[in-house]
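Colleague: Dropping the sequence and predicted coords here.
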Amino acid sequence: MTSIRPFKAQDADILQHVFYRAVQEGAVGAYSVAERAAWASAPNAPPNWAQRLGSEITLVAERDGQPAGFITLGRDGHVDLLFVLPEEMGSGIAAALHDRMLSEADQRGIPRLTTEASVIARRFLLKQGWRELTEQKIELGGVWLTNYRMEKRLTPRSVD
């Protein structure tokens, strides 16, 4: 059974593991070994995550009582992180996190969501009604990666 709950400080280490596995295993086929290594070691990646995740609206998905994914929503409507364990890709966990995040945004009166989506997240978000604004190249540790600036405009009660 899947449940969604708010982030707790003690989640930081396990969410680091979720992030790392999602990048290193879940992104195979979309990004090269070098790209995944650069992404997993980005300057704003762990070990500073307890502070980072605690400063945003962070939701954690649990499957059978264990964290299996998470999403962050900034107070400005920026969705910075959405990661699920590789074995949970396609299981509905990302969709459940996304739906709950939409509810949180709606409750706060956030009119527009933005993100920089990976190749994999782009496909998922397009299915969720997001719009691609532009493809971009970003540099992480001397390696260039492709991602996509995207947005989703919300209307009040958009998630009823």
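Modeller: Yep, it's here.
Colleague: Remind me what the lowest-mean-pLDDT helix or strand in the chain packs against, helices and strands.
Modeller: In the chain, no helix or strand scores lower on mean pLDDT, DSSP states H and E than helix 49-54, which sits at a mean of 84. Helix 49-54 is packed against helix 12-21, with contacts defined by 3 or more C-beta pairs under 8 Å, 6 or more residues apart in numbering; DSSP states H and E. Bear in mind the C-beta positions are built from the backbone N, C-alpha and C, glycine included.
Colleague: Render the CA-only coordinates of the helix it packs on in CSV, please.
Modeller: Extracted C-alpha coordinates of helix 12-21, given in CSV (Å, rounded to 0.1, in the frame of the first residue of the first chain):
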residue,chain,number,x,y,z
ALA,A,12,17.2,12.7,4.7
ASP,A,13,19.5,9.7,4.5
ILE,A,14,17.0,7.3,2.9
LEU,A,15,15.9,10.0,0.4
GLN,A,16,19.6,10.5,-0.5
HIS,A,17,19.6,6.8,-1.3
VAL,A,18,16.3,7.1,-3.3
PHE,A,19,17.8,10.0,-5.3
TYR,A,20,21.1,8.2,-5.9
ARG,A,21,19.4,5.0,-7.1
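Colleague: continuing past the least confident helix or strand of the chain, what's the next helix or strand?
Modeller: Under the assignment DSSP states H and E, the closest C-terminal helix or strand after helix 49-54 is strand 57-63.
Colleague: orientation of the longest helix seen in the chain relative to strand 57-63 in degrees?
Modeller: If you go by DSSP state H, the chain has its longest helix at helix 93-107. Helix 93-107 and strand 57-63 are oriented at 150 degrees to each other (axes from the mean of the first three to the mean of the last three C-alpha atoms, to 10 degrees).
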